[in-house]
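Engineer: Need the 3D shape of this:
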Amino acid sequence: QVQLVESGGGLVQAGGSLRLSCAASVPTFSGYTMAWFRQASQAPGTDREFVATIGWKGANIDYTDSVKGRFTISRDNAKKMVYLQMNSLQSEDTAVYYCAAKFGAVTTMSSYDYSYWGQGTQVTVFS
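Structural biologist: The predicted structure is shown next:
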């Protein structure tokens, strides 16, 4: 059973920074591809938007275009942690951010490919 717990969300002024953390309870964390998604609206039928993904050994990193150059995903396999450093935050980044995991080396941007999800952490950016 894989459990993911996010932390680090909060209220931040536009242009500011936040660092999200995701703690994973899984025996072989290094065998999982990890990702961050976000959901701006909790209305039914709203899809989770891909933000960033990182492969087993910290390679195969990819970002959605809107966060490239501002966000950085990283992982610490020894600590079983994934991070999302978010700089130059904009109001459009306001959302609930979710940590996600899938077993295997193939990175993907589709939420349907990820089997495990955290409960989410709220990020609110104000002007």
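Engineer: what bridges to the residue nearest to Leu18 when sequence neighbours are not counted?
Structural biologist: Counting by Cβ to Cβ, 6 or more residues apart in numbering, Met86 is the residue found nearest to Leu18 once chain neighbours are left out, at 5.0 Å. The way it works is simple: take the backbone N, C-alpha and C, and place the C-beta from them, glycine included. Beta bridges link Met86 to Leu18, Phe71, judged by DSSP bridges.
Engineer: Look up how far Cys99 lies from Met86.
Structural biologist: 14 Å (Cβ to Cβ, to the nearest Å).
Engineer: and for those two, which residues touch both?
Structural biologist: Residues touching both Met86 and Cys99 (Cβ atoms under 8 Å, 6 or more residues apart in numbering) are Leu20.
Engineer: so the residue nearest the centre of the chain is in which element?
Structural biologist: Nearest to the geometric centre of the chain sits Trp36, at 1.9 Å (Cα atoms, centre = their mean). Assigned by DSSP states H and E, Trp36 falls within strand 32-39.
Engineer: Now do that strand, average pLDDT.
Structural biologist: Taken as a whole, strand 32-39 has a mean pLDDT of 97.
Engineer: Which elements pack onto it?
Structural biologist: strand 18-25, strand 49-54, strand 71-76, strand 81-86, strand 95-103 (3 or more Cβ pairs under 8 Å, 6 or more residues apart in numbering; DSSP states H and E).
Engineer: Go ahead and confirm the residue nearest to Leu18 touches Ser21.
Structural biologist: No: Met86 is not in contact with Ser21 according to Cβ atoms under 8 Å; the separation is 11.7 Å.
Engineer: one step back: can you say which of the helices and strands packed on strand 32-39 is nearest to Gln1?
Structural biologist: Of all the helices and strands packed on strand 32-39, it is strand 18-25 that lies closest to Gln1, at 8.0 Å by Cβ to Cβ.
Engineer: picking that back up, the strand holding Trp36 pairs with which strands?
Structural biologist: Those paired with strand 32-39 in the sheet (DSSP bridges) are strand 49-54 (antiparallel), strand 95-103 (antiparallel).
Engineer: And for the first one, what's in contact with it?
Structural biologist: Contacts to strand 49-54, defined as Cβ under 8 Å, 6+ apart, come from residues 33-40, 60-64, 67, 71, 73-75, 82, 84, 95, 97, 107-111.
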